[in-house]
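Enquirer: Model the following, please.
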Amino acid sequence: MLVEFFSREYGRVSMVARGAKGRRTRGGSVAALLQPFTPLQCSWGGRAQLKNLSGCEAMAPALPLTGERVYSGLYMNELLMRLLHHEDPHQALFDHYAAVLSLLAESGGESTEIPLRRFELVLLEELGYGFDLACDGLSGDQLVAEGWYHYQEEHGLVAAPAGSADRLPRYRGADLLSISRGEFEGAARQCAKRLMRQVLAAHLGDRPLKSRELFRRPD
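Expert: Predicted coordinates:
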């Protein structure tokens, strides 16, 4: 099996688990452990980028994600796969990822949108792609609640010219200021979704995220 791990101390690590279906460990086969959302303690070796998995034990049962929450977890996993470099540790991101997964497993019927938006913001900040949500990246001025703003990859949020007829997405200052305070109620929730999609697209490239297609599929 070819497996991708997200490790707190080593970041993203690619491994080959040879003979995983036949290898046994406490609680079952190694293959049964190598599933998404399962906290593991692993050992590996090798000098190449693709490591050899030598040991694997479950630290706790797999998190019980169901329905849309599985899609949310897979979405976070795909972002990590696409944006993290191999063996580049991000301990704060790892801790936040684990916290969001636990929240998704425990939150009952609550929406997954707000935890995902917060994860996206932490991810961008950790990778050096973060930007000030309360400040114009060109002028340095504080955003105005009544104003409208564009996102530009090189500057962040910049004021949209009055009467602008271009097709760039525009975001209301009041919503951006709410997001900067960690508030995602009302119109700010949809604003955050649109903004994060635009920002992430600039770093993901043209290949679409497969996990997003799951949210569009009917039950």
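
Enquirer: Least confident secondary structure element in the chain?
Expert: strand 24-25 (a mean of 63; mean pLDDT, DSSP states H and E).

Enquirer: What strand or helix carries the residue nearest the centre of the chain?
Expert: Centroid-nearest residue in the chain: Met76, 3.9 Å away (criterion: Cα atoms, centre = their mean). Here Met76 sits within helix 68-83, counting by DSSP states H and E.

Enquirer: cool, and Gly55?
Expert: Remark: Gly55 resides in strand 50-58, with elements defined by DSSP H and E.

Enquirer: what does that strand contact?
Expert: 2-3, 13-18, 20, 25-27, 30, 33-34, 38-46 (Cβ atoms under 8 Å, 6 or more residues apart in numbering). Heads up, the C-betas are built off the backbone N, CA and C, glycines and all.

Enquirer: Take those and keep only those in strands.
Expert: Judged by DSSP state E, the subset of these located in strands is 2-3, 13-16, 25, 40-45.

Enquirer: Would you reformat those residues as JSON lines and include neighbour count?
Expert: Formatted as JSON lines, the ones in strands among the contacts of strand 50-58 follow (neighbours: other Cβ atoms under 10 Å):
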{"residue": "Leu2", "neighbour count": "10"}
{"residue": "Val3", "neighbour count": "19"}
{"residue": "Val13", "neighbour count": "20"}
{"residue": "Ser14", "neighbour count": "16"}
{"residue": "Met15", "neighbour count": "21"}
{"residue": "Val16", "neighbour count": "14"}
{"residue": "Thr25", "neighbour count": "13"}
{"residue": "Leu40", "neighbour count": "18"}
{"residue": "Gln41", "neighbour count": "9"}
{"residue": "Cys42", "neighbour count": "20"}
{"residue": "Ser43", "neighbour count": "11"}
{"residue": "Trp44", "neighbour count": "19"}
{"residue": "Gly45", "neighbour count": "10"}
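
Enquirer: Pop the domain breakdown of the protein in here.
Expert: 1-62, 64-219 (automatic domain parsing).

Enquirer: first vs last residue of the shortest one, how far apart are they?
Expert: In other words, domain 1-62. 19 Å (Cα to Cα, to the nearest Å).

Enquirer: From the chain's centroid, how far away is the longest helix seen in the chain?
Expert: Criterion DSSP state H: the longest helix present in the chain is helix 187-204. With Cα atoms, centre = their mean, to the nearest Å as the basis, helix 187-204 stands 12 Å off its chain's centre.
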